[in-house]
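Engineer: Based on what follows, work out the 3D shape:
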Amino acid sequence: MNKLEEQNLTRRGAGRPKGSVNKVTASAKDAIQQAAAQIGGTNRLAEWALEDPANERAFWATIYPKLIPVTLAGDSENPLEFITKIELTAPSP
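Structural biologist: Model prediction:
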């Protein structure tokens with residue numbers, strides 16, 4: 001083991017914890033949330049979507065899918081082919 005590798009081992013765990021949000025990303029998300037609240041929040045988003053069929057398509061095709069959890073599963077026989085499963089949880093009747 002060389003000297004550089006030894007130094008790296010002594011700094012293990014010194015970085016940001018796994019899964020924690022970058023401060024800049026958190027600040028940007030906070031700014032977007034504040035701006036959304038100032039321009040009308042959920043009510044204004046719904047109005048915008050209903051103003052024009054193109055807006056509604058954009059909502060359903062671009063915005064809403066970001067909320068749907070997606071799981072990618074590979075095929076062991078053909079590793080380059082991916083199967084996409086959409087996991088939806090519907091309320092029980």
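Engineer: Lys23 - how many residues pack around it?
Structural biologist: Using other Cβ atoms under 10 Å as the criterion, Lys23 is surrounded by 9 other residues. Backbone N, C-alpha and C define where each C-beta goes, glycine included.
Engineer: Kindly provide the distance from it to Lys29.
Structural biologist: Applying Cβ to Cβ, to the nearest Å, one obtains 11 Å for the distance of Lys23 from Lys29.
Engineer: What of Ala14?
Structural biologist: Distance check for Ala14 against Lys29: by Cβ to Cβ, it reads 25 Å.
Engineer: So the two - more neighbours on which side?
Structural biologist: Neighbours per residue, other Cβ under 10 Å: of Ala14 and Lys29, the larger number sits with Lys29, 11 against 6.
Engineer: show me what contacts that one?
Structural biologist: Val21 (Cβ atoms under 8 Å, 6 or more residues apart in numbering).
Engineer: ok so it is a helix residue?
Structural biologist: Yes - Lys29 sits within a helix when classified using DSSP: H, G, I helix; E, B strand; the rest coil.
Engineer: In a helix, Gly19, correct?
Structural biologist: No - counting by three-state DSSP, Gly19 falls outside a helix, being coil.
Engineer: How many residues are close by it?
Structural biologist: Using other Cβ under 10 Å, Gly19 has 5 other residues around it.
Engineer: where's it relative to Tyr64, distance?
Structural biologist: If you measure Gly19 against Tyr64 using Cβ to Cβ, the figure is 25 Å.
Engineer: what does Ala35 give?
Structural biologist: Using Cβ to Cβ, we find Ala35 at a distance of 20 Å from Tyr64.
Engineer: after the helix or strand harbouring Gln34 comes which helix or strand?
Structural biologist: Assigned by DSSP states H and E, Gln34 falls within helix 23-38. On the C-terminal side of helix 23-38, the nearest following helix or strand under DSSP H and E is helix 41-51.
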